[in-house]
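# Could you work out the structure for the sequence below:
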Amino acid sequence: MKAPNMPLCTWFVVLSLAGAGSAYAEPDCAPVALPSRGGQTLVKQVLDDGRIVGAATSARDVPDWAGALWEDGKLVDLGALDGVPTFAVGINRRGTVIGIAEGAVWSAIVPVVWRDGKIQRLPVIGADPLHEQSERPGLTVRDINDRGQIVGSYMDGTGCLLWESASTAPTPIVVLGASRCEAFAIDERGQVLLQIQERGTGRAVPLLWRDGRTTPIVLPEPLDHPVPLLTMSDSGLVAGNRDTQDEAFTWSAGRLGRPPIVRALPGLVLALNDRGELALARAAIDPSGAPTGAMELDLVRTSGRIDRYGMLDGVYFAGPEAMLTGAARPDTQVSLNDRRQLAWTKHLVEHRPRLPPRVERDAYFCQLR
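Predicted coordinates:
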């Protein structure tokens with residue numbers, strides 16, 4: 001194993017996009033409900049050409065989730081694997097769709113791929129010597145690039161995997177000193193965004209991995225807990241949320257002797273596009289100053305301008321059941337493309353006496369200005 005790559009410098013420039021010099025605008029955004037199969041819908045990714053992937057059911061109270069593709073305003077039913085709930089989670093420009101199929105227990109989750117209108121399992125046998133086939137835990141996939149490379153992780157955090165293509169068995173992503181690993185994204189250069197847990201210290205460390213070499217994403221203050229959401233653009237810009245605080249960060253590697261740059265942002269990261277623009281969520285506040293449990297949307301442009309979109313005509317990102325430190329955490333089923341088109345999942349939660357809460361989901365689309 002080669003020694004890890006270290007950033008060019010270990011000091012930082014820290015900026016706040018909410019401070020002096022930022023401009024605020026309040027443009028309109030008219031949410032449009034995506035077509036359904038007659039039931040619920042959810043989204044995972046929107047491409048620059050407007051194609052969206054996610055999942056849909058045939059009726060509101062029937063959990064027969066099947067992969068879904070929205071193209072030219074129409075819903076294409078991608079189907080499910082062996083009749084179990086199946087979700088599309090990513091798509092590349094070639095039209096290859098990846099997803100997961102859920103069994104009766106979490107250990108039965110398997111990765112799938114749709115190609116040429118057909119669904120099949122991704123190869124997994126012999127992928128990781130840490131697990132025998134009989135005891136292997138569930139395996140999820142998170143991202144696919146235009147080269148067809150796919151990244152995923154075991155559900156118990158014991159390993160990250162890289163598929164060079166949908167037809168080849170994956171290889172383990174090995175990071176020295178890591179006791180746990182979760183893969184979040186892969187860019188067009190094959191650079192993978194990971195989060196590991198250090199053996200011994202237990203610290204959560206985000207890093208970039210490529211061909212066995214790592215670049216730590218060092219922040220001014222180390223993370224005490226895993227970052228709930230990490231995302232990466234094709235230019236190598238990384239964004240995430242610090243612990244459980246309502247504070248986001250972006251990180252970009254230094255170039256030509258310049259240091260890495262860290263920006264502190266007010267809110268929680270929902271999505272990042274390849275232009276470096278961020279969709280952030282802030283806790284909505286009522287006239288008395290109390291949190292409502294809903295989230296409001298900000299779009300942070302590369303110029304530092306912040307466009308505030310409010311609650312998107314009353315569409316909430318999460319309900320009061322997700323209250324955490326005074327604000328609802330946003331759902332991670334939000335995607336932003338380079339044309340500033342936003343797709344997200346609306347959650348409606350019905351609390352029932354002596355019964356588990358009932359959750360319904362609907363997918364929406366919006367053109368940001």
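# these two touch, right, Gly103 and Ile109?
Yes - with contacts counted by C-beta atoms under 8 Å, Gly103 reaches Ile109, the gap being 6.6 Å. For the C-beta atoms, the positions are set from N, CA and C on the backbone; glycine is no exception.
# Now the common contact residues for the two.
Both Gly103 and Ile109 are contacted by Gly138, under the criterion C-beta atoms under 8 Å, 6 or more residues apart in numbering.
# Which one's more surrounded, those two?
Counted by other C-beta atoms under 10 Å, Gly103 and Ile109 do not tie: Ile109 has more neighbours, with 18 against 14.
# The nearest residue to the more buried one once chain neighbours are set aside: neighbour count?
Once flanking residues are discounted, Ile109 sits nearest to Gly138: 3.3 Å by C-beta to C-beta, 6 or more residues apart in numbering. By other C-beta under 10 Å, 18 other residues sit near Gly138.
# what's the nearest residue to Asp187 if we skip its chain neighbours?
Distances taken as C-beta to C-beta, 6+ apart put Asp234 closest to Asp187, at 4.8 Å, once the chain neighbours are dropped.
# What residues of the helix or strand hosting Ala343 count as buried?
According to DSSP states H and E, Ala343 maps onto strand 341-352. Neighbour counts using 16 or more other C-beta atoms under 10 Å place Gln341, Leu342, Ala343, Trp344, Thr345, Lys346, His347 of strand 341-352 among the buried residues.
# and which of these is nearest Ala283?
Ranked by distance to Ala283 (C-beta to C-beta), the buried residues of strand 341-352 are led by His347 at 15.8 Å.
# The closest one against Val359, yeah?
Yes - if you go by C-beta under 8 Å, His347 and Val359 touch, sitting 6.2 Å apart.
# So which elements touch the strand holding Ala343?
strand 41-46, strand 52-56, strand 334-336, strand 355-367 (3 or more C-beta pairs under 8 Å, 6 or more residues apart in numbering; DSSP states H and E).
# tell me the average confidence for it?
Here strand 341-352 scores 83 as its mean pLDDT.
# So, low pLDDT: which residues of the stretch 1-150 of the chain?
Low-confidence segments of the stretch 1-150 of the chain (pLDDT under 70): 1-28, 104-107, 125-137.
# Just the endpoints, please. Distance across stretch 208-227?
End-to-end distance for stretch 208-227: 14 Å, by C-alpha to C-alpha, to the nearest Å.
# Nearest to Asp49 among the buried residues of strand 341-352?
Gln341 (9.9 Å).
# Can you point out the buried residues in stretch 171-188?
For stretch 171-188, the neighbour count (16+ other C-beta under 10 Å) marks Pro172, Ile173, Val175, Ala178, Arg180, Cys181, Glu182, Ala183, Phe184, Ala185, Ile186, Asp187 as buried.
# Pull the most distant pair out of those.
That would be Arg180 and Asp187, which, of these, are the farthest apart (C-beta to C-beta) at 22.6 Å.
# okay but Leu278 is in contact with Leu272, surely?
Yes - look at Leu278 against Leu272 with C-beta under 8 Å: they come within range, at 5.5 Å.
# joint contacts of these two?
Counting by C-beta under 8 Å, 6+ apart, the residues touching both Leu278 and Leu272 are Ala239, Thr250, Leu336.
# Pick out the lowest-pLDDT one from these.
For the shared contacts of Leu278 and Leu272, the least confident entry is Thr250, with 86.
# roughly how far apart are it and Ala284?
As for Thr250, its distance to Ala284 is 23 Å (criterion: C-beta to C-beta, to the nearest Å).
# So for these two, which residue has more residues nearby?
Neighbour totals were compared for Thr250 and Ala284, and Thr250 leads with 22 against 18 (other C-beta under 10 Å).
# Can I take it that the more buried one is in a strand?
Yes - assigned with DSSP: H, G, I helix; E, B strand; the rest coil, Thr250 falls within a strand.
# ok, now which ones touch it?
For Thr250, the contact set (C-beta under 8 Å, 6+ apart) comprises Leu237, Val238, Ala239, Ile261, Val262, Arg263, Leu265, Leu272, Gly276, Leu278.
# For Ala343, give the beta-bridge partners.
Under the criterion DSSP bridges, Ala343 forms beta bridges with Ser335, Phe365.
# Cross the contacts of Thr250 against strands and list the overlap.
Val238, Ala239, Ile261, Val262, Arg263, Leu265, Leu272, Leu278 (DSSP state E).
# Where do the strands of the stretch 101-250 of the chain begin and end?
110-115, 118-121, 139-144, 150-154, 160-163, 171-173, 178-186, 192-198, 204-210, 213-216, 230-232, 238-241, 247-252 (DSSP state E, counting those that start in this stretch).
# tell me how far the fourth one is from the chain's mean position?
Between the centre of strand 150-154 and the centre of its chain there are 13 Å (C-alpha atoms, centre = their mean, to the nearest Å).
# what does the longest one give?
Its chain's C-alpha centre lies 13 Å from the corresponding centre of strand 178-186 when counted by C-alpha atoms, centre = their mean.
# Over to the first one?
Distance of strand 110-115 from the chain centroid (C-alpha atoms, centre = their mean) equals 18 Å.
# Show me what it is in contact with.
Applying C-beta under 8 Å, 6+ apart, the contact partners of strand 110-115 are 67, 78-79, 81, 86, 88, 96-101, 103, 119-122, 124, 138-141, 150, 152, 166.
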